[in-house]
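Novice: Quick one, structure for this:
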Amino acid sequence: MLSTRIERYSGHQYLLEAMRETGYQPDPNGSCAGIAQMGLQAFLADALDSYNARIIHIHDTWAQLHAFKNSFFRLQPYGNPASDPRYHSLLAKLKQHESLAFFDGVALYQSPGQHQDILGRHVSQYKPQVISTIARSQAIEEQGGLYQPAHFLSFLSIEELTLFFGRLAQAAGDEKLATSISFNNHRTSVCYDGKNKKWILIDANQLPAHEVAFKDLAERVFSAHTFNNHQQDSAPISVRLYSTGNTLNTTQEILKRLENDIHFQKLLEITPAKARQKTTGRQSLLHLAAKYGNEDAALSLAHSLDTNASEQSSDTPLCIAAHHGHDKVVVNLLKNKATLVDLTNGEGKSPLYIAAENGDPKIVALLLRHQADPLLRSKDQYNAVTIAAKQGHLHVLKIFSDHDVNLFHKDGHGKTAVDYASEQRRRDILDFLHKIRGRTRREESSTQSAALRKQSLFSGASTAERPHSSAVQPARKKARFDY
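Specialist: Below you'll find the model as predicted:
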């Protein structure tokens, strides 16, 4: 593994530009998550050398293409490089080495929200195992798919992270371990080759993947996640442990050893001091558990921290969990009776609104069962019903209907779900709403008919049979006196 000693590239702008040249629209803020996940998959598939060769090929071909375009525009400032055959030759070269398949995986892992047509629904970046069902390689497919059997979250210092990696290696023995590390809005992958006792770092800003001495590993990870020279004594670190289907039993055996390792468990214990810690963005571990989807940490912290506290962007843990689709975290947050289900974020969006906008049926139903208000308006004047219609989420509208929500209530724009369905030309939603309206009118008509029938019992009676009002009134007065 990693048979060649290679130069490392600073940053990954070259990779983003190569993606744009081939028709992709990568996140302008970077693609660290996608690159780290694809590298992790390559490690598990024993294909890290091929991964590195692909990175080198993309970098070198992009450099040639970049130089060609600079030369072209010097000669033809208003020309089109695509008119030159040399451009197409370099573009064809860039697409070699399965670069497009690699770009597909990077795009899906990095920005799954932009690819709902492929994934079939809204999926958060922090649900990598779900994304892997589409983004995994053929080699991973042949090994039984990608699994995430463990997820750890805690504030850790460099020294504690060193101990963490050391206990992992000891438990792994001669086996392989693959982890992704997330903090400070950056993701890297750290992998352990137990057979050769080597640690490998996969960082988008230090590609290709390369070996790191154990004594330097934690410091290198902290350095990779440190920006603007902002030094940290400790950081809230999310570590996901991965395996393939074929190695899942082996990984679970490793986890059993870690469960019995008192030093490892002590290391991950969320002490009161760690629970009180916050990031510079006012995020506690509870906010991060909601973001990353760590349900165990959410359950542990939901009864010791304020579940209604907002971080810098004004999101509560419930809003964050709803946004990322972590339904089990939502369940654990709602176990605290003090959790306010309708507390909105800075955009005036409630957790229910967010879930409806994303088309998340589980969380919508969960929040409705906890009496969340579907007609609260956001700052952009939509409510949960109209935003669901605007986004085309028929399945969410059906859930609202099952909970007796008024689907024809006007939002701040004076529009109903029918108006948005008409604008989107969603015949299926219009048919459903027409059916609901027809049923509602029939029920109202039935209720009115019953009232009229009851009235007719008196209005149709003969004078002799009909009770006289003067006869009734004294009886009512007498009844009052009897009490």
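
Novice: Show the pLDDT at the residue nearest to residue 208 when sequence neighbours are not counted.
Specialist: Leaving out its chain neighbours, the residue that sits closest to residue 208 by CB to CB, 6 or more residues apart in numbering is residue 52, at 3.8 Å. Backbone N, C-alpha and C define where each C-beta goes, glycine included. Each residue has a pLDDT score; the one for residue 52 is 97.

Novice: what's the answer for residue 311, then?
Specialist: 88.

Novice: ok, it touching residue 285?
Specialist: No: the criterion here is CB atoms under 8 Å, and residue 311 misses it with residue 285 at 11.5 Å.

Novice: and the two? which has more neighbours close in?
Specialist: Neighbours were counted for residue 311 and for residue 285 using other CB atoms under 10 Å; residue 285 has more, 25 against 22.

Novice: could you measure the residue nearest to residue 208 against residue 43, distance?
Specialist: Residue 52 sits at a distance of 11 Å from residue 43 (criterion: CB to CB, to the nearest Å).

Novice: Counting neighbours, go ahead and name the busier of these two.
Specialist: Taking other CB under 10 Å, residue 52 and residue 43 do not tie; residue 43 has more neighbours (25 against 22).

Novice: quick one: the more buried one and residue 10, what's the gap?
Specialist: The spacing between residue 43 and residue 10, counted by CB to CB, is 22 Å.

Novice: May I see the buried residues of stretch 85-104?
Specialist: Under the neighbour-count criterion of 16 or more other CB atoms under 10 Å, stretch 85-104 has 87, 90-91, 94-95, 97, 99, 102-104 buried.

Novice: Pass me the low-pLDDT residue ranges in the stretch 151-300 of the chain, would you?
Specialist: The model of the stretch 151-300 of the chain has pLDDT under 70 over residues 228-231.

Novice: Tell me where it has strands.
Specialist: Ranges of strands within the stretch 151-300 of the chain are 176-183, 186-193, 198-202, 210-212, 234-244, based on DSSP state E, counting those that start in this stretch.

Novice: What angle do strand 176-183 and the last one make with each other?
Specialist: Going back to what we said before, that points to strand 234-244. If you take axes from the mean of the first three to the mean of the last three CA atoms, to 10 degrees, strand 234-244 sits at 140 degrees to strand 176-183.

Novice: Can you list the strands that strand 234-244 pairs with?
Specialist: Note on strand 234-244: by DSSP bridges, its sheet partners are strand 146-157 (antiparallel), strand 176-183 (antiparallel).

Novice: Could you do the second one as well?
Specialist: In its sheet, strand 186-193 lies beside strand 176-183 (antiparallel), strand 198-202 (antiparallel), with partners assigned from DSSP bridges.

Novice: Let's have these in a markdown table, adding mean neighbour count.
Specialist: Formatted as a markdown table, the strands paired with strand 186-193 follow (neighbours: other CB atoms under 10 Å):
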| stretch | mean neighbour count |
| --- | --- |
| strand 176-183 | 23 |
| strand 198-202 | 22 |
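
Novice: Compare those strands and give me the one nearest residue 138.
Specialist: Across the strands paired with strand 186-193, residue 138 has its closest neighbour in strand 176-183 (17.8 Å, CB to CB).

Novice: Just the residues contacting that closest one, thanks.
Specialist: Defining contact as CB atoms under 8 Å, 6 or more residues apart in numbering, one finds that strand 176-183 is touched by 33, 36-37, 40, 43-44, 126, 128, 168-169, 187-195, 221, 225, 235-243, 247, 251, 254, 292.

Novice: Among those residues, name the buried ones.
Specialist: 33, 36-37, 40, 43-44, 126, 128, 168-169, 187-194, 221, 225, 235-243, 247, 251, 254, 292.

Novice: Grab the nearest non-local neighbour of residue 113.
Specialist: residue 122 (6.1 Å).

Novice: Residue 162 now?
Specialist: residue 218 (4.2 Å).

Novice: so the one you found touches residue 165, yeah?
Specialist: Yes: distance between residue 218 and residue 165: 6.4 Å, which falls inside the contact criterion (CB under 8 Å).

Novice: Would you mind telling me which of these two has the busier surroundings?
Specialist: More crowded of residue 218 and residue 165, by other CB under 10 Å: residue 218, with 22 against 19.

Novice: Determine which of the strands of the stretch 151-300 of the chain approaches residue 272 most closely.
Specialist: Of all the strands of the stretch 151-300 of the chain, strand 234-244 comes closest under CB to CB, at 15.0 Å.

Novice: could I get the closest one in PDB with only the CA atoms?
Specialist: C-alpha atoms of strand 234-244 as PDB (Å, rounded to 0.1, in the frame of the first residue of the first chain):
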ATOM      1  CA  SER A 234      -9.100  20.900  22.400                       C
ATOM      2  CA  ALA A 235     -11.700  20.400  19.800                       C
ATOM      3  CA  PRO A 236     -15.100  18.700  19.400                       C
ATOM      4  CA  ILE A 237     -14.200  15.700  17.300                       C
ATOM      5  CA  SER A 238     -16.500  13.400  15.500                       C
ATOM      6  CA  VAL A 239     -15.000  10.000  14.500                       C
ATOM      7  CA  ARG A 240     -16.900   7.600  12.400                       C
ATOM      8  CA  LEU A 241     -15.500   4.000  12.100                       C
ATOM      9  CA  TYR A 242     -16.200   2.200   8.800                       C
ATOM     10  CA  SER A 243     -15.900  -1.300   7.500                       C
ATOM     11  CA  THR A 244     -17.100  -3.300   4.500                       C
END
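
Novice: Wait, a strand at residue 404?
Specialist: No: with DSSP: H, G, I helix; E, B strand; the rest coil as the criterion, residue 404 is located in coil rather than a strand.

Novice: does residue 314 count as helix, strand or coil?
Specialist: Classified using three-state DSSP, residue 314 is coil.

Novice: what about it, distance to residue 379?
Specialist: Residue 314 sits at a distance of 11 Å from residue 379 (criterion: CB to CB).

Novice: Of these two, which one has the most company?
Specialist: Neighbour comparison, residue 314 and residue 379: the larger count goes to residue 314, with 15 against 12 (by other CB under 10 Å).

Novice: Now that one: closest residue in space that isn't a chain neighbour?
Specialist: residue 346 (3.4 Å).
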